[in-house]
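>>> Structure for this input, please:
(2 chains)
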Amino acid sequence: MRWILLALAALTFGGWCWLGSTAGPFGLPVPALGEFYHPSRGLWRNATAGLTGPPEGKISIDHPLAEGRVFYDERNVPHIFTDDIHQALFLQGYVTARDRLWQMDISTRSTGGELSEVLGERTLVRDRRQIRHGFRAAAELAVETWKTDFPEDYALVKAYCAGVNAYIDQLAPEDYPVEYKLLDQKPRKWLPYHSALMLKGMTQSMTDRSSDASFAHALATLGPQKFKELYPQWNRKQTPIVPSGTNFQLPAAEPRRRSPLPSTATLPAQKNDLSNQEESVIEPDFFDYRSGNGSNNWAIAGSKSITRRPILAGDPHLGLSLPSIWYEIQLHTGESNCRGVSLPGLPMIVIGFNENIAWSMTNGSEDVVDYYRMAWTDESHSSYRIGQKIIEATVRRDTLKVKGEAPEIIETTWTERGPISVVDESSPYFGLAKDAIYLYTQTDRPATELTTMRQMMQAKDHSDFKVALRSYSEPIMNFAYADKHGDIAIQANGFWPNRGKSPAIDSNGVVNYAGLTISDGSKEQPNWNNYLPYQHLPQVLNPQRGFVSSANQEPTDDKFPYLYYGSFPDWRGRYINRRLAQGKRLGNEEMKELQLDAHSMLAEEMLPLLLARINRRQLTDQGLQWFQLLADWDYAYVKDSKAPAFFEAWRKKFYELTTDEINPEDGFPSFAYWRLIELLRSQPRHELFDIQATASKETAAIITQRAFDELLEQDAEQPIGKWVDERDSQLRHVGRIPGFGAGMLNADGHNSTPNALNGSHGPSWRMVVELGERPRAWGVFPGGASGNPASPNFVRGVEEWSRGRYFDLPLYTSPREASVKAYSTLIFE
Amino acid sequence: MNRFFYLILLFAAAIGSIAFSLPWYVIGLLAIVAALPFRLRRRSGFWFPYIATLFVYGTYLTYVQIRNEGIMADRMGELFQVGSGWIMVIIAAVWGAFTAGLGGWLGVCLRKAVMEK
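A predicted model of the protein is given here:
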């Protein structure tokens, strides 16, 4: 009996130990619970780590670059002081990893198609897509370019990686970020390849949008005339970045010739059956690129500012998450002293200021993704024809590791026009070759944004700024600039596909839509094989009007001699320009107010046209109340107001009724609101307003009323609430882990307003810099320095951001100055 | 007296497990070892380590929970859908206590089978 009981006890204890040591026992989505619950090793260790803040004291690392001091301020923002930039970037890597290691890891896995290695089958579809779209290949090529053409900058990346790895090497398993513990995952060594993936992820979020198939469908269905009428490429009301009416006298300059895509084949071409691989719904992205990323930036000259010196403001709009996509930092080296925000995983500062200049970026709207229908010579798609030449396709093989499963081998067919990215037969992009700016952008004069960031951090004046921009490749961004000497400037910068001179009309009078729609891959010339000369990029220096600005609108009017496509709605840009053009002098407070402004030009232009078509005499009391509320509305998307909620629902209903014959669900491109408003104003009996499904002939007035009535019925059943509730902008964890977010963002804004909060997307960093003998700056993002969900610094700025408050951003000039304000100091020696 | 010393040892084991960040199952192994020198009933073998560990772990976790203002535990509570973060505190303390209890029970069984013939 004793032995039986002993056996029973041993079995029970052993079974319990197995249960507590096994991740996902019995298929349950849980980590190894024994370690996870342990008071000083599991989640509770992360809870205590969240309390203590940054470490204080000396750190000894056996690495030649591990030298310098890090002063943490009250918000846990690191201020790094070193002798040279390599040391600074080593420490940047170290402190960034300390705060954001898991975020760095998962973001690059997301871009490189490596999520399934840690998340299992649920992310397989997304991983396959990322691989087939060439992001691994693109990152590899970027690293090769750094090594070959930019050894100086490559050394900076390596210094950063060494810093990250020095931190990882010090970590005991119990010190891993809690997300690693949840996923039973380990940090991996950080390589330049991962930093390249970070860059490619940003480029993806900024540029990887295409309407080629839908425009092709619309052109084929509607015919050229109708197509031109419904989808004009130029909005006459736009206020472009280079002011309308500018006479483009471009100096003679050679375009930057694009280098051919290097062969990615490591294996001979082989039969590749495209149809036997599945692809379905796409998982959420860590870099949110489907919500219409946008941004604002502007700079006012001394002639417009209260301080008589330029002031710069910038607020990039990106996916909002916890931790934030940005990491605040100051880097003080022998060569420069710069403060701003960096991307975790990437060395240096992306947006910021130094003692002389400030800069910020917005996303360029230009179309830099083209799809080609290849002329395959056989059913197995092993070769294709370009002109008279038969070319063998190459096949790239990538290994896709899957947690708990055998790895998959993903075969991607590559052509001279790019990879065959989509293998889902139901997709309009099925079997097309994808040429995208992120794949390979090099030219006869190579460039990399690493050089740009380095030179920008060191820039002293406008000529340095121009030198820095020349080295920049992708994605196209609108760089706003201001310096303490009084110069302001803006430039749409990057490798800009040269699609020929505008307007492109062939001998038969047909407008050139190459690149706007799906292109013929058998033509000898691709849509673009070189980039605009650097000198020809749209740019403005010290304009008469005293300010420069951008909000993702078109960079020029249609007098610009080059053809380009792609634009974002210009509601924000027009409003910002209107405000900045007002006569009075502006200070940093007015800059902040404008960033927080929730006034919508879309509502201002559309609502009066809708209200004018409502028959008030037929309205019920409920209808009259809403009518009056809207009539009194000041077009501001204020969180506690109901008017914007009603207007949003109304305009969307009106839009749906209007565009029934060109519905995006039927393969048509989105119909632009500015064009809808044009028709509403000038052609209210346009056939587009007729609803196809009815026998009667509808006009704008009829469907305006119908949309209003339907909304009233909806309101009676389920009352329309405040804007903040209807919008429901959630601040989620970057890995979408339930409970790790911060809930609903209680703030004003809409994507048509300068304060462009929409969904989980919005101003990811607000910055205002007053240039002067010593810069004064303010900034905030909805998050904090720490990536530890248990730390108060995880959500440090959320409340301030929501309330429209800013933190001071002092630029310390010496370790002594920084130490006075420091809450803790780390000394590397 | 046996029980008193046994309890002292168990308290020391639980405190050591936290202080030295020993792997989670070590509290069970320590409870096995702690049970060997004492003549105990099997029931005591389980409940003494259980209560000692529950007390030590519970006290420590309560301290962490209060100092952290429940931030981490509340997030975990939402993730695991158990409601309040305090439930996570209880679960973690009970997990450790149960591990120790099983170890103690095994230790007593081992003693009775091998040493008390």
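
>>> Report how many residues lie close to A:Ser588.
Check again: residue A:588 is Asn, not Ser. 19 (other Cβ atoms under 10 Å in any protein chain shown). C-beta: built from backbone N, CA, C; applies to glycine.

>>> Tell me if the helix or strand where A:Ala166 lies is near chain B.
Using DSSP states H and E, A:Ala166 falls within helix A:151-170. No - using Cβ under 8 Å from any Cβ of the partner chain, helix A:151-170 stays clear of chain B, coming no nearer than 15.2 Å.

>>> Equivalent analysis for stretch A:305-325, please.
No - using Cβ under 8 Å from any Cβ, stretch A:305-325 stays clear of chain B, coming no nearer than 10.6 Å.

>>> Quick check: which helices or strands does whichever helix or strand comes after the helix holding A:Ala166 pack against?
Beyond helix A:151-170 on the C-terminal side, the first helix or strand identified by DSSP H and E is helix A:178-183. Packing partners of helix A:178-183 (3 or more Cβ pairs under 8 Å, 6 or more residues apart in numbering or on different chains; DSSP states H and E): helix A:33-37, helix A:43-52, helix A:85-112.

>>> Now do the first one: distance to the chain's middle.
It stands for helix A:33-37. 37 Å (Cα atoms, centre = their mean, to the nearest Å).

>>> now, of the helices and strands packed on helix A:178-183, which is deepest in the fold?
Looking across those with neighbours counted as mean count of other Cβ atoms under 10 Å in any protein chain shown, the highest average goes to helix A:85-112: a mean of 26.

>>> Specify the angle between that helix and helix A:151-170 in degrees.
80 degrees (axes from the mean of the first three to the mean of the last three Cα atoms, to 10 degrees).

>>> average model confidence for helix A:85-112?
Helix A:85-112 shows a mean pLDDT of 97.

>>> Kindly report the same for stretch A:423-439.
89.

>>> Kindly format the C-alpha coordinates of it as CSV.
Output of stretch A:423-439 as CSV, limited to C-alpha atoms (Å, rounded to 0.1, in the frame of the first residue of the first chain):
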residue,chain,number,x,y,z
VAL,A,423,-1.6,33.3,-56.0
ASP,A,424,-5.2,33.5,-55.1
GLU,A,425,-7.1,32.9,-58.3
SER,A,426,-10.1,35.0,-57.1
SER,A,427,-7.9,38.1,-56.8
PRO,A,428,-7.8,40.5,-59.6
TYR,A,429,-4.0,40.6,-59.0
PHE,A,430,-3.7,36.9,-59.5
GLY,A,431,-0.6,35.9,-61.5
LEU,A,432,0.5,39.5,-62.1
ALA,A,433,4.1,40.7,-61.6
LYS,A,434,4.5,43.4,-59.0
ASP,A,435,7.0,46.2,-59.4
ALA,A,436,7.2,48.2,-56.3
ILE,A,437,9.5,50.9,-55.0
TYR,A,438,10.3,48.8,-51.9
LEU,A,439,11.7,45.9,-53.9
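
>>> In TSV, list the helices and strands packed on helix A:178-183 along with distance to chain B.
As requested, these are arranged in TSV below (distance: least, Cβ to the nearest Cβ, whole Å):
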stretch	distance to chain B
helix A:33-37	4
helix A:43-52	4
helix A:85-112	14
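
>>> want to try a markdown table for these, with distance to A:Phe215 as columns?
Shown next, in a markdown table, are the helices and strands packed on helix A:178-183 (distance: least, Cβ to Cβ, whole Å):
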| stretch | distance to A:Phe215 |
| --- | --- |
| helix A:33-37 | 51 |
| helix A:43-52 | 49 |
| helix A:85-112 | 27 |
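
>>> In three-state terms, how would the nearest residue to A:Tyr806 once chain neighbours are set aside be classified?
With Cβ to Cβ, 6 or more residues apart in numbering or on different chains as the criterion, A:Tyr806 has its nearest non-adjacent residue at 3.8 Å, and that residue is A:Trp778. Following DSSP: H, G, I helix; E, B strand; the rest coil, we place A:Trp778 in the strand state.

>>> How much space separates A:Trp778 from A:Trp765?
A:Trp778 sits at a distance of 11 Å from A:Trp765 (criterion: Cβ to Cβ, to the nearest Å).

>>> More neighbours: the two, which one.
A:Trp765 (27 against 19).

>>> can you pull the contacts of the more buried one?
A:314-316, A:324, A:326, A:341, A:351, A:779-781 (Cβ atoms under 8 Å, 6 or more residues apart in numbering or on different chains).

>>> Could you count how many residues lie near the closest residue to A:Leu596 other than its chain neighbours?
Nearest residue to A:Leu596, sequence neighbours excluded (Cβ to Cβ, 6+ apart): A:Gly804, at 4.4 Å. For A:Gly804, the neighbour count with other Cβ under 10 Å is 17.

>>> if I look at A:Gly804, how far off is A:Ser21?
From A:Gly804 to A:Ser21 the distance is 49 Å (Cβ to Cβ).

>>> The residue nearest to A:Leu182 when sequence neighbours are not counted - how many residues pack around it?
Nearest residue to A:Leu182, sequence neighbours excluded (Cβ to Cβ, 6+ apart): A:Pro31, at 5.3 Å. For A:Pro31, the count of nearby residues is 21 (other Cβ under 10 Å).

>>> Next: A:Pro608.
Neighbour number of A:Pro608 under other Cβ under 10 Å is 14.

>>> State the distance from it to A:Asp632.
On the measure of Cβ to Cβ, A:Pro608 and A:Asp632 end up 12 Å apart.

>>> mind checking the SS state of the one residue in chain B that gets nearest to chain A?
Across chain B, the shortest distance to chain A (Cβ to the nearest Cβ) belongs to B:Glu78, at 3.0 Å. Three-state assignment for B:Glu78 (three-state DSSP): helix.

>>> where's the closest residue to it other than its chain neighbours, which helix or strand?
Residue nearest to B:Glu78 in three dimensions, not counting chain neighbours: A:Gly739, with 3.0 Å by Cβ to Cβ, 6+ apart. In the assignment (DSSP H and E), A:Gly739 maps to no helix and no strand.

>>> quick one, what contacts A:Gly739?
Contacts of A:Gly739 by Cβ under 8 Å, 6+ apart are B:74-79.
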